[in-house]
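Asks: Build the 3D model from these lines:
(one chain, ligands or ions: 2)
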Amino acid sequence: MPNQQAFPDLPTVRYEGPDSKNPLAFRHYNPDEEIEGRSMRDHLRFSVVYWHTFRGALSDPFGAGTAIRPWDDGSNSVENACRRVRVAFEFMEKLGAPYYAFHDRDVAPEGATIKESNANLDAVAEVLKEEQERTGIRLLWGTACLFTNPRFLHGAATSCNADVFAYAAAQVKKAMEVTHALGGEGYTFWGGREGYSTLLNTDVKRELDHLGQFLQMAVDYKRKIGFTGQFYIEPKPKEPTKHQYDSDAAACLNFLREHNLLEHFKLNIETNHATLAGHTMEHELEIALAADALGSIDANMGDTLLGWDTDQFPTDIYQTTQVMLRVLKMGGFTTGGLNFDAKVRRESFEPMDLAYAHIAGMDAFARGLKIAAAIRADGRLEDFVKDRYASWDDGIGKRIESGEADLSSLERYILEKGEAEPNRSGRQEFLENLINEFL
Ligand code: XUL
Ligand code: CO
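Replies: Residues are numbered from 1 along each chain as shown. Ligands and ions are numbered 1, 2, ... in the order given. Alright, predicted model coming up:
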């Protein structure tokens, strides 16, 4: 039974079907319902983030935090941190979220020394472990916060100061150990300040090489402690820096390839980061998929009228459909999941807003999953794309794909043929209308 402390007005959220008017029920997320032979729970693998949901004060650059969190005494004590863990698990259990994710410094307070910080983290990890065992909720991934403390103002692994690199390494070592001890299924590297504000003071080549070394050390240590979770890199183009090195999926893949790290990492793609990079989310997912490197998703959405990382809860069904089309195309998540890296608006300051927000996100993705599965079952979209490339299935196309052609043989072919037939229509509007049939 869930604890009944911090969320007295939140019952265990249940599926009531599309006609329900109960705002504390799911209309579409029916965890045991099978889609393409797999339960919705296993398709979606929802994860609650600790940082926004339990540490976000709802401040913005112009104003103080507005969040009302009666269980939190606002202190930096380990006791407060441990109480918060119980609240987090009460919330996640009532919500029916199977996973969560955290940074080291979200769950436990930073001490005066790294030794003290490690002891704090160990103390809180004990409670995390207890609550994981009590509820069956698991850790999707852990990570280290290498961007909040002023020591990281020039970056962490890409800092101009070698001592800062060493500090970050020590912090990652500990965060990985704790993630491992908690049975984490992954570990994420988001380069909070791994980039630059101006090139005038920056040795790009040296910084990138340091980042490569840093990640290699993490790979080595992972092997040493027998941690088998998946490593992820999370692309983001800017904010807080002017430019982050891991700016988008393609840049991350190139970096990993250049530093011989590709086999050790997959990508954790975040919707609002994709749009900040000037891409659609589906573009980023396709690029990751094409390299067989799509690992996990930080599920949120941005606001096209605002130029920053608003981290809103994903409620746009068109977008969740596009995402789930790619997840299904991949054959489903293995270690990854849909991690709600999202925060309620500053105006949504009551504890119950956390529940409404997650229910909205979960239902939007459940609907996206159902719609995506229906589009796939219908088959017209897939057939159209397949057909569009039919010229590659035999004849000259097949010879090119199989490596049998060269420039001379292609010249002979086209001299004989005379002209390349104009291709068929791309039918974009027809396809957009086809998608709308299913919404
Ligand atoms: C920042 C962001 C991070 C990562 C984890 O924009 O998305 O919270 O997900 O460090
Ligand atoms: Co994120």
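Asks: which non-adjacent residue is nearest the residue of the chain found nearest ligand 1?
Replies: Taking CB to the nearest ligand atom as the measure, the chain has Trp190 as its residue closest to ligand 1, at 3.5 Å. Just so you know, the C-beta spots here come from the backbone N, C-alpha and C atoms, and that holds for glycine as well. Nearest in space to Trp190, with sequence neighbours left out and distances taken as CB to CB, 6 or more residues apart in numbering, is Glu234 at 4.1 Å.
Asks: Hmm, the one you found is touching Ala274, no?
Replies: No - in this structure, Glu234 is not within contact of Ala274 by CB atoms under 8 Å, at 11.1 Å.
Asks: mean confidence score for the helix or strand containing Asn268?
Replies: Using DSSP states H and E, Asn268 sits in strand 265-270. Average pLDDT, strand 265-270: 98.
Asks: what about this protein, any weak spots by pLDDT?
Replies: Applying pLDDT under 70 to the chain flags residues 1-4.
Asks: Who are the contact partners of the residue minimising distance to the centre of the chain?
Replies: Here the mean C-alpha position of the chain is nearest to the C-alpha of Asp298 (CA atoms, centre = their mean), at a distance of 2.3 Å. Taking CB atoms under 8 Å, 6 or more residues apart in numbering, we find Asp298 in contact with 234, 268-271, 273, 339, 341.
Asks: Likewise for Gly111?
Replies: Taking CB under 8 Å, 6+ apart, one finds 117, 119-120 in contact with Gly111.
Asks: And Thr179, by the same measure?
Replies: Per CB under 8 Å, 6+ apart, neighbours of Thr179: 139, 141-142, 187, 227, 229.
Asks: ok so, going back, tell me the spacing between the residue nearest to Trp190 and Asp248.
Replies: According to CB to CB, to the nearest Å, Glu234 stands 11 Å off from Asp248.
Asks: Quick check: phi and psi on the residue nearest to the centre of the chain?
Replies: Main-chain dihedrals, Asp298, degrees, to the nearest 10: phi -90, psi 110.
Asks: And for Ala357?
Replies: phi -70, psi -50.
Asks: Distance from the chain centre to whichever helix or strand comes after the strand holding Asn268, please.
Replies: Moving toward the C-terminus from strand 265-270, the first helix or strand encountered (DSSP H and E) is helix 271-276. With CA atoms, centre = their mean, to the nearest Å as the basis, helix 271-276 stands 11 Å off its chain's centre.
Asks: Quick one: list the elements packing against helix 271-276.
Replies: helix 281-290, strand 294-298 (3 or more CB pairs under 8 Å, 6 or more residues apart in numbering; DSSP states H and E).
Asks: between these, which gets nearest to Thr66?
Replies: For the helices and strands packed on helix 271-276, distance to Thr66 was read as CB to CB. The smallest value, 23.8 Å, belongs to strand 294-298.
Asks: Is ligand 1 within reach of that closest one?
Replies: Yes - judged by CB under 6 Å from any ligand atom, strand 294-298 and ligand 1 are in contact via Asp298.
Asks: In the record's domain split, what are the boundaries for this structure?
Replies: The record's domain parsing of the chain by automatic domain parsing lists 34-378, 392-437.
Asks: Out of those domains, indicate the one that is most buried.
Replies: domain 34-378 (a mean of 19; mean count of other CB atoms under 10 Å).
Asks: right, is it up against ligand 2?
Replies: Yes - using CB under 5 Å from the ion, domain 34-378 reaches ligand 2 at 270, 298, 341.
Asks: List the residues that contact the first one.
Replies: When you say that, I think you mean Glu270. Applying CB under 8 Å, 6+ apart, the residues contacting Glu270 are 234-236, 297-300, 341.
Asks: Relative to Gly155, which of those is nearest.
Replies: Lys236 (13.6 Å).
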